[in-house]
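Colleague: Pasting the sequence and the predicted coordinates here, then a few questions.
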Amino acid sequence: MSKPTMRYRLGDREVNRLGYGAMQLAGPGVFGPVKDEARAIQVLRDAIASGVNHIDTSDFYGPHETNRLIKKALHPYPDDLCIVTKVGARRDEKGGWLPAFSPEELTQAVEDNLHNLGLDVIPVVNLRSMFNVHHPQEGSLERELETLIKLKDRGLIQHIGLSHVTAKQIADAQKMTPIVCVQNMYNLANRQDDALIDELAAQGIAYVPFFPLGGFSPLQSEQLNDIATELQATPMQVALAWLLKRSPNILLIPGTSSPQHLQENLASEQLILSDEVMERLNQVSA
Ligand SMILES: NC(=O)c1ccc[n+]([C@@H]2O[C@H](COP(=O)([O-])OP(=O)(O)OC[C@H]3O[C@@H](n4cnc5c(N)ncnc54)[C@H](OP(=O)(O)O)[C@@H]3O)[C@@H](O)[C@H]2O)c1
């Protein structure tokens, strides 16, 4: 097993830049219980044994299922484990994603996360904007942040982050409270946040791309495949290595339900990309 060595600040601690995203541990469509619980528990325990100390989750994965699984597999948690969750959505009876932005819903979501994860305080809670499910959209998050700040003041949340947001929403939020991380969609083929990543890096704020491997539509590119073959690596490893080199403030949370893929993903830290390869990979999104 390869142990991660690159680190970056997340709130009041440093975490390994290779973390783990737990969304794939719910049932199909991130709905219902996991298909193979023993395998999912193995993935979580392997991740910790391999040095992962940053896990991304949400109580709306399942709903509740993923957090309960994390608790079953890992509680009592290692001291250095940073669990990051998100609030702002709920699921309907068919698994659809609905906004859950009222003060009551946000408070309930934080309490549910605490209960299902077995925590007294959540290290980081991301407020997930839901103005548009598919892309970040302008709109005020003031009322929602006020609720999270109250929960932080009550000691239920340690740090606040944002997800699926615009640069303006981040700047507005920073006038109200420190923002320790931003989680937006970004990968080799979806680079709308290029400028934002550099801006956050200058401020020392972590950027955590979701769908680092393309999410529900895994990255597919002939150029990526060719480069992976040249480097004797897999395309997914190259995609993760590209993110690691893209900016030091990028923290990775690739999601997998496979112990083998987990190890493959963690090993991407050993893959050093030359400037020439980076340049060729930069053309993938062009
Ligand atoms: N803030 C938000 O709105 C938001 C939205 C989506 C996700 N997220 C977070 O971001 C995390 C990552 O996103 P994600 O899991 O949806 O997408 P992802 O990491 O881009 O990709 C996951 C997919 O890639 C496959 N995969 C993983 N490693 C692989 C490998 N080495 N080789 C081949 N296939 C591989 C997985 O299948 P296998 O299970 O077969 O490996 C899965 O189908 C989630 O876990 C979640 O915590 C946040």
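Modeller: Yep, that arrived.

Colleague: Distance check, His261 against Val52.
Modeller: 13 Å (C-beta to C-beta, to the nearest Å). C-beta coordinates here come from the backbone N, C-alpha and C atoms, glycine included.

Colleague: Which one's more surrounded, the two?
Modeller: Neighbours were counted for His261 and for Val52 using other C-beta atoms under 10 Å; Val52 has more, 24 against 17.

Colleague: excluding its backbone neighbours, what's nearest the more buried one?
Modeller: In this structure, Val52 finds its nearest non-sequential neighbour in Tyr20, 4.9 Å apart by C-beta to C-beta, 6 or more residues apart in numbering.

Colleague: I'd like to check which residues are in contact with the one you found.
Modeller: Neighbour list for Tyr20: 43-44, 47, 52, 54-56, 253-255, 262 [criterion: C-beta atoms under 8 Å, 6 or more residues apart in numbering].

Colleague: and with 7 Å instead?
Modeller: 47, 52, 55, 253 (C-beta atoms under 7 Å, 6 or more residues apart in numbering).

Colleague: Look up the pLDDT of the first one for me, please.
Modeller: If I follow you right, that is Ala47. As summarised for this prediction, Ala47 has a pLDDT of 98.

Colleague: The chain should start at 775 in everything you say after this.
Modeller: Renumbered: residue one is now 775, and that last one reads Ala821.

Colleague: Grab the nearest non-local neighbour of it.
Modeller: Tyr794 is the one closest to Ala821 (C-beta to C-beta, 6+ apart), at 4.5 Å.

Colleague: same check, this time on the last one
Modeller: Using C-beta to C-beta, 6+ apart and skipping residues adjacent in sequence, the residue nearest Ile1027 is Gly795, 3.7 Å away.

Colleague: ok, back up a step: need the phi and psi values for the residue nearest to Val826.
Modeller: phi -140, psi 130 (degrees, to the nearest 10).

Colleague: distance of it from Ala883?
Modeller: 21 Å.

Colleague: Ok, Gly929 next?
Modeller: From Gly929 to Ala883 the distance is 17 Å (C-beta to C-beta).

Colleague: Those two: which is more packed in?
Modeller: A count of neighbours by other C-beta under 10 Å puts Ala883 above the other of Gly929 and Ala883, at 26 against 9.
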